[in-house]
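Asks: here is my input, please return the structure:
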Amino acid sequence: MEMRYQLIEAIGSGGMAEVFSAIAHGPSGFQRRCVVKRVLPQLACSPAFVQMFVDEARISSLFCHPNIVQFYESGEEQGVCFLAMEHVLGRDLDAPRASGRRLNRAGQPSGDHRQTGPRSCAHVRMVGTRVRCA
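Replies: The predicted structure follows:
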């Protein structure tokens, strides 16, 4: 089974990897929206760093929980390691945190009067190295 990923747009970048919104293409025209996290090019030549990334993929594959994004696969494309994961649509919670606004237990900025409760808390998921609230 082989799946190819078409990178759509950059979502974010950190000290070790960059994260992209992507579309997975499979047999018979199958398509699925996903996120691809790949090692920064300048770190791809470090065996120790690549091993940490591979360990992250192995550990991620062990988790199955509604509050953790689903791990699809890991691989290597043109010498660069990547992880493919579930794409969770929602608001980026880094923005309110960076502006100094506090977040309530449902992951919403304080003062945001949307309804909260167990169902909305269940939609907070981790996406790569960011947290998203659907």
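
Asks: which SSE is immediately downstream of the longest helix seen in the chain?
Replies: Of all the elements of type helix in the chain, the one with the most residues (DSSP state H) is helix 47-60. As assigned by DSSP states H and E, the chain's next helix or strand after helix 47-60 is strand 71-77.

Asks: ok so, going back, who touches the longest helix of the chain?
Replies: Judged by CB atoms under 8 Å, 6 or more residues apart in numbering, the contacts made with helix 47-60 from elsewhere in the structure are 16, 17, 39, 43, 44, 71, 74, 81, 83, 85. Every residue, glycine included, has its C-beta placed from N, CA and C.

Asks: reformat these as a markdown table; add neighbour count and distance to residue 60.
Replies: Below are those laid out as a markdown table (neighbours: other CB atoms under 10 Å; distance: CB to CB, whole Å):
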| residue | neighbour count | distance to residue 60 |
| --- | --- | --- |
| 16 | 14 | 14 |
| 17 | 21 | 13 |
| 39 | 23 | 14 |
| 43 | 17 | 18 |
| 44 | 16 | 19 |
| 71 | 19 | 4 |
| 74 | 18 | 8 |
| 81 | 21 | 13 |
| 83 | 24 | 7 |
| 85 | 24 | 7 |
